[in-house]
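[1] my questions concern the predicted model and sequence given below.
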Amino acid sequence: MEKNNKFTKSERLSRKAVIDRLYAEGRSVAAFPLRAVYLPLEPEEGEPTVSILIAVSKKRFRHAVDRNLVKRRLREAYRLNKHPFAEALQQKGCRMAVAILYLDKQHHSFVNLQARLKKLMQAIITKEFEQ
RNA sequence: GCAGUCGGACAGUCUGUCGCCGUUGCCACAGGCAAAGGAGGAAAGUCCGGGCAGCACAGAGCACUCCACUUCCUAACAGAAAGCUGUUCGCGAGGGCAGAGUAACGUAGAAGAAAAUAACCGCCCGCAAGGGUAAGGGUGAGAAGGUGGGGUAAGAGCCCACCGGUCGUGCAGCGAUGUACGAGCCGUGCGUCUUGGAGGCUGCAAGUUCGCGUAUACCGACGUUCGAGGGCUGCUCGCCCGAGUCGGAGGGUAGAACGCUCCAGCCCAAUGGUGACAUUGGGAGUAGAUGAAUGGCAGACACCUUUUUCACAAAAGGCACAGAACCCGGCUUAUAGUCUGACUGCUUAU
C-alpha cells in the first residue's frame, strides 16, 4: 500500500452524535501540551479507520487567529504522521474516533508539537491494546 | 531643513516542498488528474441604519421608546457634507465640547440672611418705635444684567455712555444667524411638560425542499350530499377532487440541498455641485467554509531597531493589529511601519 499524506474531509469527525458519545464515553491520554480523548467504534464499510477532531479552547486563546494557528499546526502534524497509528488500528480491525485537545495557553513550535503528537498516538495504542 | 495640523494610499515580496476548500475541464461509477482562484482595513466590537426572510396587520387615536442649531446628501441612519452660535485648548494650520421650546408645576438645600414681590451684618433717616436701602460682606454652579459716571439722606436702570442678553423693524442670507436702528430693564441647573420628527416583532440556527423517524396518546374548532378543506385563477363565476382539515400539546429527527454570493457593489473618465454626492459613458469581475478551508515547514530578499566601524559593511533581534460565516452603508475600538497631498510655525539660502 502506497502512502499518501492527504487529509480529506472524510477523515474529520463531524457527526454530532458521534462527538457527543466521544465526550461522554471516551477515554483519555495526555502528553502535555496535548490531550487525546478517544473511543473505539464498530468497523463499518466505507468509513475511514480514524476520525479526528482538533479542538482549541477559547479560554486558552482569546483570538481566532491564535486558535487557527494551533489547529493548523496540529492538523499538519497529524497529516504527516498518521500512518503508523492508522496501520496499527487496521491490524487490530478497529475503528476509532479521536479528539485532540490543546491544553497550553502558549504557542509551541511545529517540531515540538509533532514530537508530542507521535508520543500521544503511541500512548493510545499502548493503553488500549497492551493491557 | 526641522517641528507640527488635517486628509489619502499601502499594510511585506519571492522560491522550494507537502497539504486544504469550492469551481471548471478531462479521464469518465467510487475516485483520479489538470487549470485558474481562495480573508481584512478593520474580516473585530455587535453600537446604529437598511436590503432580504418569516410572522403579525381594516382605519384612526392614545400610550410607550428613540431623536432634536440650520441647510443639504442618502435606500436609510444616532452617519456624511457645507455652514451657524456659544465655550475651550493651541503662536498657528487646526482640534475638543455643547446646542428644539420654557407657559405651568415640581425640584435644588447638612451652604447662605435671602433661591424671587429677599434686609442677617452694614449704610441712611429717626429720641425711640419704626422706616428707607441690593453699593459692600460671606455662601453657592447661579444672588436680582456688567463697568464707569451722574444722582441721593443713604442708595437703586432712578438717569446717561459703552458692553452682554431680550423684543420689534429694515437690510444680507434658502436657513441657523449676522448687521444697523429703536424699545425696554432682563436669574440658574435638572425633571415633568410642550413642539416637531421617526418607530410592528423576530432574525440566515430567518426561511424553503428532500431524507431519516416515532405515536398521532391527549385537548379544542369546523365537517362527511345542509359538504370542512383543497386544486385550476390576479379576482369573481364556474368546473374538478373530496373525508378529513386546522390549531394546541406531545413524540421523533438534527443528515443533505437551496438560501449563498453579481451587486443601493468596485475602478476610470466627463459633466453639475464649495462639498457629501448625483448623472452619463466606459471597464474589470470565480472566497463561500459549516466541529467550520484559505495553510504547515524550509530558504532568500526588503524594511526597522540596537551594537561595532571614519565609511562600505557586519552581527543580533524584530517585522503590527488581527481570521470571512446572508449581504451592504456607517460608527467605535486595535494597529509595527512605509509612501503621499494640502496647509501652519521656526530656521537657512536666493
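    Looks like it arrived, so ask away.
[2] contacts for the strand or helix carrying A:Lys118?
    A:Lys118 belongs to helix A:110-129 when elements are defined using DSSP states H and E. Helix A:110-129 is contacted from outside by A:27, A:29-34, A:36, A:38, A:40, A:73-74, A:76-78, A:80-81, A:84-85, A:88-89, A:92, A:96, A:98, A:100, A:108, using C-beta atoms under 8 Å, 6 or more residues apart in numbering. For every residue, glycine as well, the C-beta is placed using N, CA and C.
[3] so is it next to RNA strand B?
    Yes. Contact of helix A:110-129 with RNA strand B (C-beta under 7 Å from any atom of the strand) involves A:Phe110, A:Val111.
[4] in that helix, what counts as buried?
    For helix A:110-129, burial by neighbour count (16 or more other C-beta atoms under 10 Å) applies to A:Leu113, A:Gln114, A:Arg116, A:Leu117, A:Lys118, A:Leu120, A:Met121, A:Ile124, A:Ile125, A:Glu128.
[5] with stretch A:70-78 instead?
    Quick answer for stretch A:70-78 (16+ other C-beta under 10 Å): A:Val70, A:Lys71, A:Arg73, A:Leu74, A:Glu76, A:Ala77, A:Tyr78.
[6] from the chain's centroid, how far away is that stretch?
    10 Å (C-alpha atoms, centre = their mean, to the nearest Å).
[7] ok, of the buried residues of stretch A:70-78, which one's closest to RNA strand B?
    A:Glu76 (4.0 Å; C-beta to the nearest atom of the strand).
[8] what about that closest one, is that helix, strand or coil?
    helix (DSSP: H, G, I helix; E, B strand; the rest coil).
[9] OK, contacts around it?
    So A:Glu76 contacts A:Phe110 (C-beta under 8 Å, 6+ apart).
[10] likewise A:Lys105?
    A:Arg60, A:Phe61.
[11] would you mind measuring from it to RNA strand B?
    15 Å (C-beta to the nearest atom of the strand, to the nearest Å).
[12] same list (the buried residues of helix A:110-129) but as TSV, adding distance to A:His63.
    Formatted as TSV, the buried residues of helix A:110-129 follow (distance: C-beta to C-beta, whole Å):
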residue	distance to A:His63
A:Leu113	19
A:Gln114	24
A:Arg116	23
A:Leu117	23
A:Lys118	28
A:Leu120	25
A:Met121	29
A:Ile124	30
A:Ile125	35
A:Glu128	36
